[in-house]
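Novice: Please find the sequence and the predicted model below.
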Amino acid sequence: MKKKLLLGILFSVSISFHIKAQDFPQKFEKEFCTCLSGKTNYTDETFKTCSYEVMSKLQKDFENFHNSTANKNRNDFMKDLMIRLINNCDPFYIHMADVKKTGMDKFRNDYKEMSIDSLKNKFTETKLLTDYWEIANWYFAHNENELAERIYKEILKNEPDQIEAAYMLGALYDELGKYREAKVLYDKVYENTGNIQYRLYSEMDLKKIK
């Protein structure tokens with residue numbers, strides 16, 4: 001009888017510990033978002049600071065979480081966390097939107113001084129899809145969206161796994177408000193690269209679709 005009672009207590013404690021461990025992602029997310037909400041701007045340094053503060057505060061809970069789950073990979077945990085934050089934490093969403101805008105501004109500036117004629121001449125010589133992609137980028141950077149879209153599609157028709165063209169076409173669709181089409185392309189790029197940034201862009205578009 002005592003043995004059964006002891007086993008019952010141990011089982012109950014084990015279940016309780018497992019449930020608490022499973023609650024950790026939500027707890028971490030809440031603490032992290034609270035930290036961000038107390039900041040006045042959302043730079044990469046801000047996120048490093050909040051990561052350090054929250055991880056220091058919840059280090060024991062974090063270790064318990066990983067000891068109680070099959071997933072021991074911290075990188076996977078952080079990827080899952082960022083997806084949760086995109087959907088549930090406005091400061092993080094704002095930061096990622098700013099990151100994306102900064103990237104697009106830089107993209108446009110890079111092509112601002114380029115000559116379309118020189119890009120076309122280079123492609124005429126090489127016939128390389130990468131040089132054709134540069135022409136599409138120039139059109140995109142100069143808001144000639146129909147021409148850019150046509151070329152990106154031609155590239156992907158000839159080389160479906162051309163990640164650069166897939167990403168830029170996704171970015172173009174984003175600017176045109178075609179969020180479903182953009183999401184499909186971001187998902188494709190994420191599947192091919194494993195880069196969490198593209199998964200976050202996909203999640204951002206999903207929020208816009210809902």
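Specialist: That came through, no problem.
Novice: now the helices: where do they sit in this protein?
Specialist: In the chain, the helices defined using DSSP state H lie at 2-22, 24-37, 44-57, 59-67, 74-88, 90-112, 116-126, 129-141, 145-158, 163-175, 179-193, 196-209.
Novice: pull the helix or strand with minimum mean pLDDT from the chain.
Specialist: Least confident helix or strand, the chain: helix 2-22 with a mean of 40, by mean pLDDT, DSSP states H and E.
Novice: isn't His142 right up against Tyr111?
Specialist: Yes: counting by CB atoms under 8 Å, His142 touches Tyr111, with 7.2 Å between them. C-beta coordinates here come from the backbone N, C-alpha and C atoms, glycine included.
Novice: Surely Glu134 touches Lys120?
Specialist: No: assessed by CB under 8 Å, Glu134 is found out of contact with Lys120, at 9.5 Å.
Novice: More neighbours: these two, which one.
Specialist: Glu134 (20 against 15; other CB atoms under 10 Å).
Novice: Near the residue lying closest to Glu149 once chain neighbours are set aside, how many other residues are there?
Specialist: Spatial nearest neighbour of Glu149, excluding adjacent residues (CB to CB, 6 or more residues apart in numbering): Leu172 at 6.0 Å. Leu172 is flanked by 21 other residues according to other CB under 10 Å.
Novice: Ok, the one 10 residues further on next?
Specialist: For Ala182, the neighbour count with other CB under 10 Å is 25.
Novice: Poorly predicted segments of this protein, please.
Specialist: 1-22, 68-74 (pLDDT under 70).
Novice: Break it into its domains for me.
Specialist: Domain segmentation of the chain under the TED database yields 16-88, 114-209.
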